[in-house]
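Colleague: sequence? don't have it. structure:
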Ligand SMILES: CCCCCCCC(=O)CC(=O)SCCNC(=O)CCNC(=O)[C@H](O)C(C)(C)COP(=O)(O)OP(=O)(O)OC[C@H]1O[C@@H](n2cnc3c(N)ncnc32)[C@H](O)[C@@H]1OP(=O)(O)O
Ligand SMILES: NC(=O)C1=CN([C@@H]2O[C@H](COP(=O)(O)OP(=O)(O)OC[C@H]3O[C@@H](n4cnc5c(N)ncnc54)[C@H](O)[C@@H]3O)[C@@H](O)[C@H]2O)C=CC1
């Protein structure tokens, strides 16, 4: 059964975003975040093109979306399995996949980037797509920790650039941080805010400050958990249990690091500590560095602080 349209749909003219309402979305990066955002956008009636560097990766994204949709449907359509199956088919029809980022932005009202957490790589991507995308396409980044202003600086559409920060797992997490820079227009900001609401999420408005709201508080907490363990003051298992049962977190900090991806955690903390080397909140962790050097990125590679195979 053909779940996905493998080609970019033909017949679209260039993006003509009407009244600032985002309907056609191109998402660059089909990893855990990009695939999750694609799923939610497609589930809420948006037309989505998901882009990554290879067909194999996109096949994995597709499998992830299908798996997650099945979990959603099991609850949402508990007593109507046929309606659930129809829902899945409709959602999947809304998602095309492509390895051609340039072609995929032609009809995009919104270009949302969810690739590796590296400023230069994001700047190169946006700089390139700025020349190919229609002038009115809004650009946004899902970065966890990089300044939106620095990413936007690689483009000529500073007024049509903002941050749209989702949380993992996207189908379950209700929050979206909408980030405006000093040059983001009110119209663009409102479009991003309304798009988040159309996805069924609750948006909060953020300034373009390091970590926005959530990660500015979450990252120091998680890194301190790693350092606490490294000081010999608690096993990772006990720290995880303590924070779940004593502070009401659904996952302990080690579980959450594995869930987010240790490569992403390292990108974030290395970036912040390079900018503010004397801030003890941003001090790195030997254990984290060792696991990343060994290719143990957490759940996505089958091992991180814990084993998942
Ligand atoms: C130091 C650096 C730090 C850097 C941070 C950078 C990252 C960022 O920029 C920002 C972030 O995203 S931070 C991470 C935010 N996310 C969290 O904190 C997640 C915490 N965990 C949870 O909420 C739950 O464990 C969770 C909802 C995940 C799972 O729930 P449970 O614990 O109850 O476990 P399950 O039994 O597996 O799930 C229960 C039901 O939830 C549904 N579900 C879970 N995952 C799903 C998914 N991916 N898709 C669809 N449905 C899903 C599902 O209904 C499931 O029931 P079953 O299907 O029957 O298992
Ligand atoms: N993992 C998390 O919990 C969260 C991550 N984020 C942010 O979202 C972004 C993506 O994170 P994840 O999805 O976790 O990473 P991931 O590693 O799961 O996926 C990244 C994907 O981007 C693709 N990619 C890399 N360069 C590309 C390019 N030039 N063109 C097209 N595709 C490219 C990779 O092949 C990969 O499939 C990062 O900026 C991260 O900081 C934001 C919120 C939560």
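Modeller: On my side now, so go ahead. Computed from a predicted structure; not experimentally measured. Numbers count the residues shown, from 1 in each chain. Ligands and ions are numbered 1, 2, ... in the order given.

Colleague: switch to C-alpha atoms for all contacts and neighbour counts from now on
Modeller: Fine.

Colleague: helix, strand, or coil at the nearest residue to residue 155 once chain neighbours are set aside?
Modeller: Distances taken as C-alpha to C-alpha, 6 or more residues apart in numbering place residue 127 nearest to residue 155, at 5.1 Å, with adjacent residues excluded. Secondary structure, DSSP: H, G, I helix; E, B strand; the rest coil: residue 127 is helix.

Colleague: which positions in the stretch 101-250 of the chain make contact with ligand 1?
Modeller: Within the stretch 101-250 of the chain, the positions near ligand 1 by C-alpha under 6 Å from any ligand atom are 144, 167-169, 171-172, 215, 219, 222-223, 250.

Colleague: distance of the residue nearest to residue 155 relative to residue 20?
Modeller: For residue 127, the distance to residue 20 equals 23 Å [C-alpha to C-alpha, to the nearest Å].

Colleague: repeat that for residue 113.
Modeller: Distance, residue 113 to residue 20, by C-alpha to C-alpha: 19 Å.

Colleague: between those two, who's got more neighbours?
Modeller: residue 113 (24 against 18; other C-alpha atoms under 10 Å).

Colleague: wait, the more buried one sits on residue 140?
Modeller: Yes. With contact defined as C-alpha atoms under 8 Å, residue 113 counts as touching residue 140 (6.3 Å).

Colleague: returning to that earlier point: ok, of the residues of the stretch 101-250 of the chain next to ligand 1, which come out buried?
Modeller: If you count burial by 16 or more other C-alpha atoms under 10 Å, the buried members of these come out as 144, 167-169, 171, 219, 222-223.

Colleague: next, the contact list for whichever residue of the stretch 151-300 of the chain sits closest to ligand 2, please.
Modeller: Closest approach between the stretch 151-300 of the chain and ligand 2, counting by C-alpha to the nearest ligand atom: residue 260, at 3.7 Å. The contact partners of residue 260, by C-alpha atoms under 8 Å, 6 or more residues apart in numbering, come to 168, 298.

Colleague: again with residue 219
Modeller: residue 269.

Colleague: so it lies in a strand, does it not?
Modeller: No. Counting by three-state DSSP, residue 219 is located in no strand; its state is helix.

Colleague: distance of it from residue 242?
Modeller: Separation of residue 219 from residue 242 (C-alpha to C-alpha): 18 Å.

Colleague: repeat that for residue 40.
Modeller: Look at residue 40 and residue 242: by C-alpha to C-alpha, they are 32 Å apart.

Colleague: what do you get for residue 274?
Modeller: 31 Å.

Colleague: compare these two (neighbour count), which wins?
Modeller: Each of residue 274 and residue 242 has its neighbours counted (other C-alpha under 10 Å); residue 242 has more, 16 against 12.

Colleague: the longest helix in this structure is where?
Modeller: Taking DSSP state H as the criterion, the chain has its longest helix at helix 55-76.

Colleague: get me the contact residues on the stretch 51-200 of the chain for ligand 2.
Modeller: With C-alpha under 6 Å from any ligand atom as the criterion, the stretch 51-200 of the chain meets ligand 2 at residues 51-53, 114-117, 125, 142-144, 165-168.

Colleague: name only those of these that count as buried.
Modeller: 51-52, 114-115, 117, 125, 142-144, 165-168.

Colleague: following the record's annotation, map out the domains of the protein.
Modeller: Under the assignment automatic domain parsing, the domains of the chain span 24-206, 214-301.

Colleague: can you tell me which of the ones you listed is packed in deepest?
Modeller: domain 24-206 (a mean of 20; mean count of other C-alpha atoms under 10 Å).

Colleague: now do that domain, average pLDDT.
Modeller: The average pLDDT within domain 24-206 is 97.

Colleague: distance from it to the middle of the chain?
Modeller: Centroid separation between domain 24-206 and its chain, computed with C-alpha atoms, centre = their mean, to the nearest Å, is 7 Å.

Colleague: and the longest helix of the chain, what does it pack onto?
Modeller: helix 32-43, helix 81-93, strand 95-98 (3 or more C-alpha pairs under 8 Å, 6 or more residues apart in numbering; DSSP states H and E).

Colleague: identify the residue nearest the geometric centre of this structure.
Modeller: Nearest to the geometric centre of the chain sits residue 33, at 3.5 Å (C-alpha atoms, centre = their mean).

Colleague: residue in the stretch 151-300 of the chain nearest to ligand 1?
Modeller: Closest point on the stretch 151-300 of the chain to ligand 1, by C-alpha to the nearest ligand atom, is residue 167, at 3.4 Å.
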